[in-house]
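[1] Everything below, folded, please.
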Amino acid sequence: MKTNIPNPLNLYLIRHGETEWALNRRHTGRTDIPLTQNGESEARELGKYLRDIQFAHVLTSPLKRAQQTCALAGLDRVPEIEPDLVEWDYGDYEGKQSVNIRKERQDWNVFRDGCPHGEMPGQICDRADRLIARLRRLEGNIALFSHGQFGGVLATRWIGLGVDEAQHFPLGTASISIFSFDSHHPTVPIIALWNTSANALNCQD
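    Presented below is the predicted three-dimensional model:
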């Protein structure tokens, strides 16, 4: 019997698999680099968990590393390119390591200070809020293939925190996080799962 009760919204945030720059801790914004062989293996491992989930939509950043991760996970739905899932634009800091940036700007923090000739916190906040507003009009399970820094921002904005709090929400490569609502208080957004590997989730099954 069909009912008019909507399917609850669950956002599955998936960070892309390992890249050479991620391995070397270099800030990778708009540079379109591929996954390493290990990153490809990580993406396939994601599929072992994600393929059992029925997704209403699969959205991916337009960058190669996110699209590769999505393709290798092998979900049974054609992905949609979502430009707002792209990584933070690091501008002059693209390809640099935080430790080297801080030699010139002591105490620099991307979530508080932004990047010269790249995105500033207010801009990435607006982008995350715009995306969240669209996502909240959807129903069911939604897969989001995105990136580390933007993923942290998306988490903080989902629960109403400022962008600077994203420094407390690091994401490993090929990690899965879930954003949803409290079942007892359906208007309260929560982070139901954070930064968990597919291996850990498969072991729970």
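
[2] What ranges in this protein fall below the confidence cut-off?
    For the chain, the stretches flagged by pLDDT under 70 are 1-6, 202-205.

[3] Do a quick rundown of the strands in it.
    Listed in chain order, the strands of the chain (DSSP state E) span 10-15, 55-60, 80-81, 141-146, 175-181, 189-197.

[4] would you turn these into JSON lines with mean neighbour count and distance to Asn38?
    Glycine gets a C-beta too; all of them are placed from N, C-alpha and C. Shown next, in JSON lines, are the strands of the chain (neighbours: other C-beta atoms under 10 Å; distance: least, C-beta to C-beta, whole Å):
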{"stretch": "strand 10-15", "mean neighbour count": "24", "distance to Asn38": "14"}
{"stretch": "strand 55-60", "mean neighbour count": "20", "distance to Asn38": "20"}
{"stretch": "strand 80-81", "mean neighbour count": "12", "distance to Asn38": "25"}
{"stretch": "strand 141-146", "mean neighbour count": "24", "distance to Asn38": "18"}
{"stretch": "strand 175-181", "mean neighbour count": "20", "distance to Asn38": "14"}
{"stretch": "strand 189-197", "mean neighbour count": "16", "distance to Asn38": "13"}
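
[5] Of all these, which one is nearest Gly39?
    Closest to Gly39 of those is strand 10-15 (C-beta to C-beta; 10.7 Å).

[6] picking that back up, need the strands of the chain in TSV with distance to Thr69, can you?
    Below are the strands of the chain laid out as TSV (distance: least, C-beta to C-beta, whole Å):
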stretch	distance to Thr69
strand 10-15	7
strand 55-60	8
strand 80-81	14
strand 141-146	6
strand 175-181	11
strand 189-197	13
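
[7] mind checking the end-to-end distance for stretch 113-122?
    One end of stretch 113-122 sits 10 Å from the other (C-alpha to C-alpha, to the nearest Å).

[8] partner residues bridging the residue lying closest to Val78 once chain neighbours are set aside?
    Nearest residue to Val78 in three dimensions, chain neighbours excluded: Val58, at 7.4 Å (C-beta to C-beta, 6 or more residues apart in numbering). With DSSP bridges as the criterion, Val58 is bridged to Ala143.

[9] right, so of the strands of the chain, which gets closest to Tyr90?
    In terms of C-beta to C-beta, the element of those nearest to Tyr90 is strand 141-146, at 15.4 Å.

[10] Which other helices and strands does the closest one contact?
    Judged by 3 or more C-beta pairs under 8 Å, 6 or more residues apart in numbering; DSSP states H and E, strand 141-146 is in contact with strand 10-15, strand 55-60, helix 64-73.

[11] Run through who's touching that strand.
    9-16, 50, 53-61, 66-67, 69-70, 73, 75, 79, 82, 85-87, 135, 154 (C-beta atoms under 8 Å, 6 or more residues apart in numbering).

[12] separation between Arg65 and Gln167?
    22 Å (C-beta to C-beta, to the nearest Å).

[13] Out of the two, name the residue with the larger neighbour count.
    Using other C-beta atoms under 10 Å, the more surrounded residue of Arg65 and Gln167 is Arg65, with 28 against 14.
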